[in-house]
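Asker: Got a sequence here, can you model it:
(2 chains)
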Number of protein chains: 2
Amino acid sequence: MKAEIVSVGTEIIMGSTLNTNVQYITQRLSEFGIDVLFHTSVTDDPELLREVTNIALERVDLIIFTGGLGPTQDDMTKEVVSDTLGLKLVLNPFIQNNIKEYFNRTNRPMPSNNIKQAYLPEDSKFLMNRVGTAPGIYIEKDNKIIILLPGPPREMKTMFDEQVVPLIKRDPTIMTKTIRTRTINTIGIGESALEMKLKDIIDKKEDIIIATYAQEGKVDVKIIVKENNIESADNKLDRIVASIDRRISKYIYSYDNESIEEVVYRKLLEQNKRIAFCESCTGGLITSMFTRIPGASKVFDRGIISYSNTSKMEELNIEEDILLKHGAVSETVALHMAKNLLDITGVDIALSTTGIAGPSGGTQGKPIGLVYIGIATKDNAYAVKVMLNGARHSIQNRAALRAFNELRKIL
Amino acid sequence: MKAEIVSVGTEIIMGSTLNTNVQYITQRLSEFGIDVLFHTSVTDDPELLREVTNIALERVDLIIFTGGLGPTQDDMTKEVVSDTLGLKLVLNPFIQNNIKEYFNRTNRPMPSNNIKQAYLPEDSKFLMNRVGTAPGIYIEKDNKIIILLPGPPREMKTMFDEQVVPLIKRDPTIMTKTIRTRTINTIGIGESALEMKLKDIIDKKEDIIIATYAQEGKVDVKIIVKENNIESADNKLDRIVASIDRRISKYIYSYDNESIEEVVYRKLLEQNKRIAFCESCTGGLITSMFTRIPGASKVFDRGIISYSNTSKMEELNIEEDILLKHGAVSETVALHMAKNLLDITGVDIALSTTGIAGPSGGTQGKPIGLVYIGIATKDNAYAVKVMLNGARHSIQNRAALRAFNELRKIL
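Answerer: Numbers count the residues shown, from 1 in each chain, chains lettered A, B, ... in the order given. Prediction:
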């Protein structure tokens, strides 16, 4: 089945909003074996939208529109698409009531133009909007499927996951096979090195899609299998994941996109351990990433961002001699920072970073990108040296990921 | 002039890459008075690309393609577009030499298929790629302009800014007027409240575009004026900016997108002052944002992320009595945190945050979103209470912006 995604709206076409909807829908559709061939964005002009709709109807079997379902004059996706398909709009009393209730629940008066949203194309299914007012619409006509979804990403995603996915799964013309997916998340290996290690697995694709997605400092491997029934799909997926696991196990930090800091948080919680951070080159990034997690306070004691040598001496009791002899960016200082923080705070694990994030400050012996990560526990203390590439913020990001990865390994 | 942007490539259409190119190009084209009517993305299939090219040639005057200019078999934008336009490809010895030199400079052997990139459509201009190997192409044919740019955002942007913009500026069919733009960056006022304050100015548009762009916790106002000559454009822009400034001056933190933390950094540097942060609810975000700035160490002493009450007592000498009497989230504690940090560090300005970022921990008296920001200098100390909306990370982001905004005001 061939699909096209059409984004409607001035915010998208004027460049004021980044189109994340299209990426989300495409990724999800691929899980159901649907090939997305075209993305089209068009401003909210009825004539242009009609033209785009006609072109899409000629070249694909499934069209998903996003945007232009709101209550204002500018919102005209439903009107134009229905008209192009030759379908009349009829008032649906159930939706009318739904919209009224939504405004009651949120204690606001219903603006009169919201009634426009209660009109549906004849013979279409409506898709309820749990988190907003504009309902979505599902149309089947002349062997084509046309789906209209709201533009705000949260409303679109909720409706897609809760209502479009079950419809897709039920429709025999779409789901001819059972699809199973898993994502393997890795840190510490580059995308091309990873591809080399998996080359023979990636190359033999018969109803298997294996794709690598690189982000800063990490690479995801996404596996999609298609089979005739659930059992064989599950078996096949497990077999492929196991064979990939064996080859790259030391780089894997999680599955299905649990973040590295969440993995560390979960392990600390399970082991009833508390943690503290002292950061120099990462400048608070590690602490900030960790405290984004709801409930971080259960395992996190404090973070000390000791940028200046004075603060390293005052906050972490690093002796001036050590700083002068080894330099602030050194294995010895990383080790002392972690050990002293452990002593001061009495936590179970203390982590330190010190390095040169650039753009200046590098020397031949200590170039930009050199970072030491120190870890101290009651039984053990060590420091790891890493060399990282990129601009200042990339070096900080990569150093933070590597630090969390070190924590993951010892937990 | 009407334009369409066509993105070519499997990464885009498979959803593995977010399409940031199209947003960048659209925003820049609007500065030259060019209306972008369509964005289209298509997979790298010659037949589909040919179809998309023909549709675009029918409905717009300017087509910008991105992607598919690389050396591999999959890269076929140039071949398909040339063929669709009826233009032959001819070897350009100058480009051939350029590509060879690029590989010499980076000390790598030139793969033989890179020679493909030295072929250009007849009668086209080539656009040199300073940061990669694939050259761009500029074609004029039958009153249409067709521009081919590389897909990697860094290469695309460099080429667009350095080479496409001058061509656009020179072409009389595109630049009929002089365009001047300015962005006013605000914090502390919502988008609709801002629009209300500027409504009569926004409504009278004659060759003036005034648009507001909301991001988390901040709103930008972008002003674009079109005039017949530079002097009148500059005058008009200055006049509009001045009239907007008068109405919303207290919310403006910068112009043309200097970030709020950069404004604070610049002022500290100018005034030769040093700063320290102690954060509770923002969890290191303020320190992390600040240390992203190259050279931050010149004005930044340290950051203390005192999450637990123990750490507030140990690191910041907050007396237990005060914590018990007022609670950690209170004006008194925010004030003491900032004052004590100033004493401990000897910096010129100390800033503190304490609040409830959620998702749990809120009470009737102290709901989620309540944040106190404390500021201490040698002469003065005070705390500001703010109420913020959103999920945990939104509250942290907004609190950090408000904290920097408080610093901006006193500097």
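
Asker: what sits up against the helix-or-strand element of chain A with minimal mean pLDDT?
Answerer: Lowest on mean pLDDT, DSSP states H and E among the helices and strands of chain A sits helix A:10-13, with a mean of 72. Outside helix A:10-13, the residues that touch it by C-beta atoms under 8 Å, 6 or more residues apart in numbering or on different chains are A:17, A:19, A:41-44, A:67, A:74, A:151, B:26, B:36-39. (Each C-beta comes from the backbone N, C-alpha and C, glycine too.)

Asker: let's see 7 Å
Answerer: Residues from elsewhere that reach helix A:10-13, judged by C-beta atoms under 7 Å, 6 or more residues apart in numbering or on different chains: A:17, A:19, A:41-44, A:67, B:26, B:36, B:39.

Asker: same deal with stretch A:20-30?
Answerer: Contacts of stretch A:20-30 (C-beta under 7 Å, 6+ apart): A:3, A:5, A:7, A:36, A:39, A:64, A:66, A:153, A:156-157, A:160, A:224, B:13-15, B:18.

Asker: What of stretch A:190-204?
Answerer: Contact partners of stretch A:190-204, identified using C-beta under 7 Å, 6+ apart, comprise A:186, A:210, A:212, A:214, A:219, A:243-244, A:247-248.

Asker: Which of the contacts of helix A:10-13 sits closest to B:Leu411?
Answerer: Proximity of the contacts of helix A:10-13 to B:Leu411 was ranked by C-beta to C-beta; the top entry is A:Thr17 with 33.0 Å.

Asker: Kindly state the pLDDT recorded for that closest one?
Answerer: Confidence at A:Thr17, expressed as pLDDT, is 71.

Asker: got the contact list for it?
Answerer: Going by C-beta under 7 Å, 6+ apart, the list of residues near A:Thr17 reads A:Glu11.

Asker: same thing but 10 Å
Answerer: With contact taken as C-beta atoms under 10 Å, 6 or more residues apart in numbering or on different chains, A:Thr17 is in contact with A:7, A:9-11, A:67, A:151, A:153, B:23, B:213-214.

Asker: and it, helix, strand or coil?
Answerer: coil (DSSP: H, G, I helix; E, B strand; the rest coil).

Asker: how about the contacts of helix A:10-13 in TSV, adding distance to B:Tyr372?
Answerer: Below are the contacts of helix A:10-13 laid out as TSV (distance: C-beta to C-beta, whole Å):
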residue	distance to B:Tyr372
A:Thr17	33
A:Asn19	38
A:Ser41	44
A:Val42	47
A:Thr43	45
A:Asp44	43
A:Gly67	40
B:Thr26	41
B:Val36	45
B:His39	45
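
Asker: Return the subset of the residues you listed lying in strands.
Answerer: A:41-42, B:36, B:39 (DSSP state E).

Asker: Which members of the residues you listed define the maximum pairwise distance?
Answerer: A:Val42 and B:Val36 (10.2 Å).

Asker: starting at the chain centroid, how far to the helix or strand where A:Met196 lies?
Answerer: A:Met196 belongs to helix A:191-203 when assigned by DSSP states H and E. Remark: helix A:191-203 is offset 23 Å from the chain centroid, using C-alpha atoms, centre = their mean, to the nearest Å.

Asker: now the residue nearest the centre of chain A, nearest residue through space, not along the chain?
Answerer: Centroid-nearest residue in chain A: A:Asn257, 7.4 Å away (criterion: C-alpha atoms, centre = their mean). Spatial nearest neighbour of A:Asn257, excluding adjacent residues (C-beta to C-beta, 6 or more residues apart in numbering or on different chains): A:Thr183 at 5.7 Å.

Asker: Near chain B, which residues of the stretch 101-250 of chain A? Just list them.
Answerer: Counting by C-beta under 10 Å from any C-beta of the partner chain, the stretch 101-250 of chain A comes close to chain B at A:209, A:211-214, A:220, A:222.
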